[in-house]
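>>> One predicted model, sequence on top.
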Amino acid sequence: MRIEFYGKNIEVTPALKKQAEKKLSKLDKYFSEEVKAKATFSATKGDHTTEITVFLPSSIVRAEETTQDMYASIDLAVDALERQVRKYKTRLKRRNQNADTIRFENFEQAMPESEEDEQGKIISKRKHFKLLPMHEEEAMLQMELLNHNFFVFLDAEDNEPALLYKRRDGNFGRIDFDI
């Protein structure tokens, strides 16, 4: 696994890198090829957050954990990633599919730009990604793997954009768009 390390309000020390590499190495058994990962460490008011994103060939898996100790945050984030990867692989096996049938595109991140509107609020971050056709189940799986509350995708059946979102009751909602 190739890991890029980033620090926000914290210096990424060799000991921190070594610990993260050691813990993330246990995920190598789940991947047939070398994958890229991004580990971001941040510290604010005594809270230490570890955010780890693993870029698989056909999807993205992300976990974020916050504790009082950075090393504990790393442990919890890696454990959460491992659970997500096992869940992902189990679902694929249950549907008698392999990883090549899931069609997800990695997000391309642009440099952060800020644009101020009339009320003084700004757009502090922009992301661009290509909408690829996928079924609802694939979109729900990708949304859960990213740990997001919503996910935009192109419906494979009608080739129209749609938005999935997580409802307060734990179920999902879907919004279809007319273009």
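Everything's here; your move.

>>> What strand or helix carries the nearest residue to residue 88 once chain neighbours are set aside?
Using Cβ to Cβ, 6 or more residues apart in numbering and skipping residues adjacent in sequence, the residue nearest residue 88 is residue 145, 6.2 Å away. C-beta coordinates here come from the backbone N, C-alpha and C atoms, glycine included. Using DSSP states H and E, residue 145 falls within helix 136-146.

>>> Would you indicate which residues of the helix or strand that that helix is followed by are buried?
Later in the chain than helix 136-146, the nearest helix or strand by DSSP H and E is strand 150-155. By neighbour count with 16 or more other Cβ atoms under 10 Å, strand 150-155 contains the buried residues 151, 153-155.

>>> With stretch 2-20 instead?
By neighbour count on 16+ other Cβ under 10 Å, the buried set for stretch 2-20 is 3, 10, 16, 19-20.

>>> Looking at these, which two lie furthest apart in space?
Maximum pairwise distance in these, criterion Cβ to Cβ, is 16.3 Å, between 3 and 10.

>>> Run a quick neighbour tally on residue 78.
By the criterion of other Cβ atoms under 10 Å, residue 78 has 23 neighbours.

>>> where does the nearest residue to it once chain neighbours are set aside land in three-state SS?
If the residues on either side of it in the chain are set aside, residue 78 comes closest to residue 23, at 4.3 Å by Cβ to Cβ, 6+ apart. Here residue 23 takes the helix state, with states given by DSSP: H, G, I helix; E, B strand; the rest coil.

>>> Show the contacting residues for residue 23.
74-75, 78 (Cβ atoms under 8 Å, 6 or more residues apart in numbering).

>>> In TSV, list those residues along with secondary structure, distance to residue 129 and pLDDT.
Shown next, in TSV, are those (DSSP: H, G, I helix; E, B strand; the rest coil; distance: Cβ to Cβ, whole Å; pLDDT from 0 to 100):
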residue	secondary structure	distance to residue 129	pLDDT
74	helix	28	92
75	helix	30	92
78	helix	26	91
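
>>> now those in JSON lines, with distance to residue 40?
Putting these into JSON lines (distance: Cβ to Cβ, whole Å) gives the following:
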{"residue": "74", "distance to residue 40": "11"}
{"residue": "75", "distance to residue 40": "16"}
{"residue": "78", "distance to residue 40": "14"}
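
>>> for the residues you listed, which one is nearest residue 89?
The closest of these, once distances to residue 89 are taken by Cβ to Cβ, is residue 78, at 16.4 Å.

>>> show me the contacts for that closest one.
Neighbour list for residue 78: 23-24, 26-27, 52, 63 [criterion: Cβ under 8 Å, 6+ apart].

>>> Throw together a ChimeraX command that grabs the buried residues out of those residues.
Of the contacts of residue 78, the buried ones go into a single ChimeraX selection, burial set by 16+ other Cβ under 10 Å:
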select :23,24,27,52,63
